[in-house]
Each structure stands twice: as C-alpha cells, then as structure tokens.
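Visitor: what shape does this take:
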Amino acid sequence: MEKTGKMQKHGSLRDEQAIFRLLRIAAAAAGVIGTLIAVWLVCIGVSCLSWGIGDRMADTIAAAATGLVTVAVVSICCWRALIVFDRMVVRLSRGSAFTLENERAMAKIAGALALSGAAILAAFVLLLLICREMVLPMIYLLLLALAFFGVALLAHALGLLVRRAAVLQRDSDLTI
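Guide: Below you'll find the predicted structure:
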C-alpha cells in the first residue's frame with residue numbers, strides 16, 4: 001500500500017512539472033505571437049505614416065503615430081508581464097507558491113497589463129478625436145482595452161490572494 005502511495009505522489013509531481021513546463025511554453029508562444037502581431041502592426045503604421053507624409057495629410061500622420069506609440073507601449077508592457085510570469089512559474093515549479101515575491105510578481109503583471117489597457121484606451125480617445133468617427137476597428141480597440149483591464153484586475157486579485165496565503169503560511173510555520 002505504501003509503495004502505491006509513493007508512486008502516485010511521484011506521478012503527481014511529474015504531472016505538476018509538466019504543467020509548469022507547459023505554462024512556460026505557452027508564455028513563450030504568446031510572446032512570439034504577440035511580437036509577430038506587433039511587427040505586422042508596425043509595418044501597417046509605417047506605411048500609413050509614409051502615405052500621410054507623402055500626401056501631407058495631418059490626420060493620417062497623427063493616427064499612424066498614435067498607433068505606433070501604442071504598439072510600442074503595449075509590446076513593452078506585455079513582454080515585461082511575460083518575463084515576470086515566467087520567473088514566477090520557475091519559482092512555483094520549485095515549490096515556492098505563497099510568498100511575498102510571488103505577490104509582488106502578480107502586482108507587476110497587473111500593473112503592466114493595466115498600463116497596456118490605459119495606452120489602448122488613450123489611443124482610442126485620440127483616434128476618436130483625430131478621425132472623428134466611430135468605425136469597427138475603434139470598437140475593437142475599446143474591447144481590447146477592456147480585456148487588458150479585466151485581466152489586470154484578475155492578476156491583482158490573485159496577487160492579493162497570494163499575499164493573504166503567504167501571511168497564513170508564515171503564521172502557520174511560526175506556530176509549528
């Protein structure tokens with residue numbers, strides 16, 4: 001009976017490590033896909049910028065510049081969040097779950113995602129002022145900003161949960 005329990009425990013540990021490996025792979029894949037999308041958007045932005053400069057269209061130049069700055073800010077924030085997430089997954093795989101370091105990591109992730117949402121929301125407002133019309137891509141921008149804010153809120157809530165669990169674990173360790 002004891003041998004079966006050890007085998008199950010060893011099997012679940014192996015399963016956990018596989019999940020952590022999968023999380024790291026998913027984060028890397030998200031980074032690659034996000035970078036490809038950012039490069040594609042930058043190409044579009046540069047094309048629009050050169051077209052606006054060539055035709056001396058101030059609104060096209062302003063819209064393209066807004067888009068390029070937004071892509072840069074969101075890309076930097078998302079890469080920051082992915083790097084922090086990857087480091088946190090490494091700590092989790094080593095058994096370090098409820099720590100203040102992980103709580104700070106969740107706060108950094110939440111901040112980076114909230115900043116991304118704010119940048120997209122600011123771009124939405126600027127583009128609405130520049131273009132003076134509501135088109136379907138503008139609605140997508142608004143939905144994307146809301147999605148970033150939603151995920152940031154979830155990350156913040158998880159960070160608070162980790163903080164409380166860390167305090168409880170520390171108190172439990174002191175009791176024992």
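
Visitor: hmm, Ala105 and Ala155 touching each other?
Guide: No. In this structure Ala155 lies outside contact range of Ala105 using C-beta atoms under 8 Å: 9.4 Å. Every residue, glycine included, has its C-beta placed from N, CA and C.

Visitor: need the longest helix for this structure.
Guide: Longest helix in the chain, counting residues (DSSP state H): helix 2-54.

Visitor: I'd like the next helix or strand past that helix.
Guide: helix 58-93 (DSSP states H and E).

Visitor: mind giving me the packing neighbours of that next one?
Guide: Packed against helix 58-93 by the contact rule (3 or more C-beta pairs under 8 Å, 6 or more residues apart in numbering; DSSP states H and E) you find helix 2-54, helix 100-131.

Visitor: what angle do it and helix 2-54 make?
Guide: Put simply, helix 58-93 runs at 170 degrees to helix 2-54, going by axes from the mean of the first three to the mean of the last three C-alpha atoms, to 10 degrees.

Visitor: and helix 58-93, average pLDDT?
Guide: Average pLDDT, helix 58-93: 95.

Visitor: how far out from the middle of the chain is that helix?
Guide: 8 Å (C-alpha atoms, centre = their mean, to the nearest Å).

Visitor: residues of it that come out buried?
Guide: Of the residues in helix 58-93, 60-68, 70-71, 73-75, 77-78, 80-82, 84-85, 88-89, 92-93 count as buried by neighbour count, 16 or more other C-beta atoms under 10 Å.

Visitor: likewise stretch 157-164?
Guide: 158-159, 162-163.

Visitor: report the two of those separated the most.
Guide: Between any two of those, the greatest separation by C-beta to C-beta is 9.7 Å, found for Leu158 and Arg163.
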